Structures are given as structure tokens and as C-alpha cells.
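Colleague: sequence first, then the predicted structure, then my questions.
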Amino acid sequence: MNNALPQVDRPTRTFTQLLSSTRRGARLARLLAVTELRTWGAPHDLTERAELVVAELAANAVLHGLVPGRCFRLTLAFDPAAGRLRVEVTDARGEVYPQPSPADTEPEALHSGGRGLLLVAALTDHWDCVPHPPGGKTVRAELSTP
């Protein structure tokens, strides 16, 4: 009699770090993400795109998600077999959600800001924002290898 072998979940590598809600913390998030992805053997293209996505999401957490005395959290989850990476940045301001500019917005209309989430949308397969109880939010982005 042939018995089916049980399904074994693919190993997913994860990394989570609390970081200060400062420009230095945002920079450290980017550097830590690149270091982890290189350690895990992630493809170069995926690592480069993730670096930009983490930089933007961490900067947004520091600029728009700041609650004095509260940190933000970076989480990476990489499934090497599927070539898929999930980036999550959680901050303490749940009442302020990111609003991407419409794709047809003229560059002059964006003034000095508003381009970051357009960049995230261009570099990722999907991104969204969900509540993080008790009062924060998590911005999630999914990237995959071509």
C-alpha cells in the first residue's frame, strides 16, 4: 500500500527588529534588511528592490507614523523556494493611513513629497496597509523574483 507522504512546509526565513523612530533608525532598517537578505542568499535583484522598499516604508514610519517614545518594527519573511519576500513595517499611528497618489498625477503636483508610495507600487507585486492593534498600523509589501 502506498501512503502519501505528509506535506512539509517550505522553510521561511524571518527577521524582526524594533528600531527607533528616527532618521538613524530608518537608515538602520535598510542596512539590516540588506544584510539579512544577503545572508539568506536572496537574489541580487530582489535584494536591491527590497532595499528601496524598506528605505521608503521605514522613512514613512519615521515621518508620518511617529508617536514620541514609540519605536517602529521591521519584519522580513523570505521563502527561498518560492522566491517571495514579504516586508512589513509597523508604526504606532493607526489613525493615519498611507494614501498613494493617483498614477496619472503630474510630477509638478506632487511638490516635495508623495512619490514614495508610487515607487513602492512600482517595485512590488502588491502592497497594502492593515490595522495593528491596539493603535498602530502595518504596511505590507510583497516582492517576488522575476
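Modeller: Arrived safely, thanks for sending.

Colleague: Leu123 contacts Leu52, doesn't it?
Modeller: Yes. Because the distance of 5.8 Å satisfies Cβ atoms under 8 Å, Leu123 is recorded as touching Leu52. From N, CA and C alone the C-beta is placed, and that goes for glycine too.

Colleague: quick check: closest non-adjacent residue to Leu19.
Modeller: Excluding its sequence neighbours, the residue lying closest to Leu19 (Cβ to Cβ, 6 or more residues apart in numbering) is Gly25, at 3.9 Å.

Colleague: what sits up against stretch 21-32?
Modeller: Under the contact criterion Cβ atoms under 8 Å, 6 or more residues apart in numbering, stretch 21-32 has outside partners 15, 17, 19, 51, 54-55, 58-59, 61-62, 65-67, 70-72, 74, 89, 91-92.

Colleague: list phi and psi for Asn118.
Modeller: Actually, residue 118 is Leu rather than Asn. phi -60, psi -40 (degrees, to the nearest 10).

Colleague: which helix or strand contains the spatially most central residue of the chain?
Modeller: The C-alpha lying nearest the average C-alpha coordinate of the chain belongs to Val87 (Cα atoms, centre = their mean; 3.2 Å). With secondary structure defined by DSSP states H and E, Val87 is part of strand 84-91.

Colleague: quick one, strands of this structure?
Modeller: 13-19, 72-79, 84-91, 126-132, 136-144 (DSSP state E).

Colleague: strand partners of the last one, parallel vs antiparallel please.
Modeller: Each strand pairing with strand 136-144, determined using DSSP bridges, is listed with its direction: strand 84-91 (antiparallel), strand 126-132 (antiparallel).

Colleague: which of the residues in it are buried?
Modeller: Across strand 136-144, burial judged by 16 or more other Cβ atoms under 10 Å covers 136-141, 143-144.
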